[in-house]
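A.B. asks: take a look and give me a structure for this.
(one chain, ligands or ions: 1)
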Amino acid sequence: MTFGARARIRLSAVKHNFQLIKDKSPGTRVMAVVKGNAYGHGIVPVARTLKDADCFAIARLSEAKALRDAGIDKPLTLLGGVLSRDDLSRAIALGVEVCVHNEEQIRWLEDCRGSAGTVWLKIDTGMNRLGFRAEVATDVITRLRRCVAVTDLRLMTHFANADDPGDDTTQRQIDKFLQVAADFDGDISIANSAALLGFASALSQFSDASGVDRLWIRPGIALYGVSPLHGRTGAELGLQAAMQFESRLVAVKPVRSGDCVGYGGAWHATHDSVIGVVSVGYGDGYTRYIPAGTPLLINGRMVPVVGRISMDLTTVDLGECASDRSGDRVILWGTDLPVESIAEHAGTVAYQLVTGVTHREAPVFDQ
Ligand SMILES: *Cc1c(COP(=O)(O)O)cnc(C)c1O
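C.D. replies: Predicted structure coming up:
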């Protein structure tokens with residue numbers, strides 16, 4: 001039995017979530033986003049599970065290397081693109097499709113004597129992060145089509161506010177991208193998880209306008225069972241949580257009313273009680289921003305964090321009559337304790353919590 005915190009990954013849930021998204025977007029091809037170690041879920045096991053994905057999207061060349069070393073030979077797309085000529089050579093050697101979002105990257109492709117194969121041009125339709133503005137798209141497309149190294153040019157754009165179905169930015173971004181796509185006869189890619197689950201009917205404008213068969217979707221967080229939409233849990237959207245983050249009690253001790261617990265004495269008991277010490281801390285990815293009062297699940301009941309999270313340990317109030325013992329299992333998040341709600345307590349998003357798990361103990365993969 002291990003006493004350290006560890007993630008238990010249910011690969012069948014990843015499969016279920018993939019299928020749910022595919023069923024909602026019939027006819028499209030799926031670029032499954034596995035950047036950030038598959039959002040903390042293990043990039044290689046997740047990629048092996050997603051046999052029906054048409055491509056994997058990554059954010060670092062090291063992620064491409066990990067996939068290729070594991071024998072995964074599907075197309076890979078490097079979302080941020082390359083940052084140097086050397087990176088372009090490395091990407092080509094790894095058989096990675098690059099994104100292009102700046103002038104320098106175009107020049108490297110113009111000078112490239114090898115074959116870069118498929119290249120994705122990023123169009124900035126309003127996020128103002130990466131990409132060329134829609135107004136210059138025609139010129140950039142012409143230049144890239146002249147590059148000998150580019151055998152297949154495709155377009156993509158990224159939504160900024162799709163997590164809020166009431167926000168009209170997404171429709172404006174869709175309209176802008178529709179205009180660019182109308183003059184373009186290659187494949188196009190849109191839609192993170194939030195757009196796929198929150199803007200399905202708006203997205204159908206693309207298939208209506210140009211046929212579904214050139215459309216690639218890019219789900220990430222939803223594959224892992226986490227809701228991309230504000231105020232909704234993954235379960236409400238039909239998704240299954242793929243990660244259970246769990247640990248064990250390593251000490252149980254009585255405290256008297258007035259006793260302080262943990263660093264800085266940030267919490268003190270207002271009544272006699274029993275404190276449980278859990279083997280998890282910010283060194284495991286259970287962030288220090290998790291405040292007192294955040295729930296954990298122990299022996300079928302919710303108990304609150306008390307005091308500050310330390311690197312390896314977390315204290316909880318088990319209640320005066322607690323019969324929990326050292327060694328008992330503690331669930332930090334999972335199906336019965338949505339990571340979305342823990343994120344809300346911590347003032348962050350579930351993306352950060354699952355991606356931030358440090359895996360000091362190797363994760364366990366269940367089929
Ligand atoms: C991360 C990312 C995605 C996936 O986003 P989710 O919200 O996790 O679904 C899609 N496209 C791009 C460009 C990304 O960077």
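A.B. asks: quick check on P304: phi, psi?
C.D. replies: phi -90, psi 150 (degrees, to the nearest 10).
A.B. asks: contact partners for it?
C.D. replies: P304 makes contact with A292, G293, T294, P295, L296, V316, D317, according to C-beta atoms under 8 Å, 6 or more residues apart in numbering. C-betas here are computed from N, CA, C, even on glycine.
A.B. asks: F206 now?
C.D. replies: Counting by C-beta under 8 Å, 6+ apart, the residues that F206 touches are I174, L178, A181, I188, I190, V212, L215.
A.B. asks: now P45
C.D. replies: I9, L11, A38, F365.
A.B. asks: can you pick the most crowded of these?
C.D. replies: A38 (28 neighbours; other C-beta atoms under 10 Å).
A.B. asks: on that earlier part again, nearest to the ligand among the contacts of P45?
C.D. replies: Closest to the ligand out of the contacts of P45 is A38 (10.7 Å), distances taken as C-beta to the nearest ligand atom.
A.B. asks: can you show me the strands along the stretch 151-300 of the chain?
C.D. replies: Secondary structure of the stretch 151-300 of the chain (DSSP state E, counting those that start in this stretch): strands located at 188-190, 215-217, 243-255, 260-261, 267-268, 273-278, 295-298.
A.B. asks: adding distance to P26, pLDDT and secondary structure, write the contacts of P45 out as CSV.
C.D. replies: Shown next, in CSV, are the contacts of P45 (distance: C-beta to C-beta, whole Å; pLDDT from 0 to 100; DSSP: H, G, I helix; E, B strand; the rest coil):
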residue, distance to P26, pLDDT, secondary structure
I9, 28, 98, strand
L11, 24, 98, helix
A38, 25, 98, helix
F365, 30, 97, strand
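A.B. asks: most widely separated two among these?
C.D. replies: A38 and F365 (11.4 Å; C-beta to C-beta).
A.B. asks: just to revisit the earlier point, can you say which of the strands of the stretch 151-300 of the chain is nearest to R48?
C.D. replies: strand 243-255 (16.7 Å).
A.B. asks: compute the inter-axis angle for the closest one and strand 273-278.
C.D. replies: 140 degrees (axes from the mean of the first three to the mean of the last three C-alpha atoms, to 10 degrees).
A.B. asks: report all helices and strands that strand 243-255 contacts.
C.D. replies: Contacts defined by 3 or more C-beta pairs under 8 Å, 6 or more residues apart in numbering; DSSP states H and E place strand 243-255 against strand 6-10, strand 273-278, strand 329-333.
A.B. asks: can those go into TSV with extra columns for distance to the ligand?
C.D. replies: Output for the helices and strands packed on strand 243-255, formatted as TSV (distance: least, C-beta to the nearest ligand atom, whole Å):
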stretch	distance to the ligand
strand 6-10	17
strand 273-278	29
strand 329-333	17
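A.B. asks: next, the residue in the stretch 251-367 of the chain that the ligand sits nearest to: phi, psi?
C.D. replies: With C-beta to the nearest ligand atom, the shortest gap between the stretch 251-367 of the chain and the ligand falls at Y351, namely 6.6 Å. When read as degrees, to the nearest 10, the backbone of Y351 gives phi -50, psi -50.
A.B. asks: kindly state the pLDDT recorded for it?
C.D. replies: What the model reports for Y351 is a pLDDT of 97.
A.B. asks: mind listing what's buried along the helix or strand of the chain at the bottom of the mean pLDDT ranking?
C.D. replies: Here the helix or strand of the chain ranked lowest by mean pLDDT, DSSP states H and E is helix 200-210, holding a mean of 76. Under the neighbour-count criterion of 16 or more other C-beta atoms under 10 Å, helix 200-210 has A202, L203, F206, S207, S210 buried.
A.B. asks: ok, those residues vs D139, which is closest?
C.D. replies: Looking across those and measuring by C-beta to C-beta, the closest to D139 is S210, at 21.3 Å.
A.B. asks: quick one: which of the buried residues of helix 200-210 is nearest G220?
C.D. replies: L203 (15.9 Å).
A.B. asks: for stretch 15-31, the distance to its chain's centre please.
C.D. replies: The chain centroid and the centroid of stretch 15-31 are separated by 16 Å under C-alpha atoms, centre = their mean, to the nearest Å.
A.B. asks: typo on my end, stretch 145-165
C.D. replies: Worked out by C-alpha atoms, centre = their mean, stretch 145-165 lies 19 Å from the chain centre.
A.B. asks: repeat for stretch 148-168
C.D. replies: That offset, for stretch 148-168, works out to 17 Å (C-alpha atoms, centre = their mean).
A.B. asks: now do the helices in the chain.
C.D. replies: Remark: helices assigned in the chain by DSSP state H are 11-24, 35-40, 43-49, 61-69, 85-93, 103-111, 137-146, 169-182, 193-198, 200-210, 339-346, 350-355.
A.B. asks: cool, thanks, talk later.
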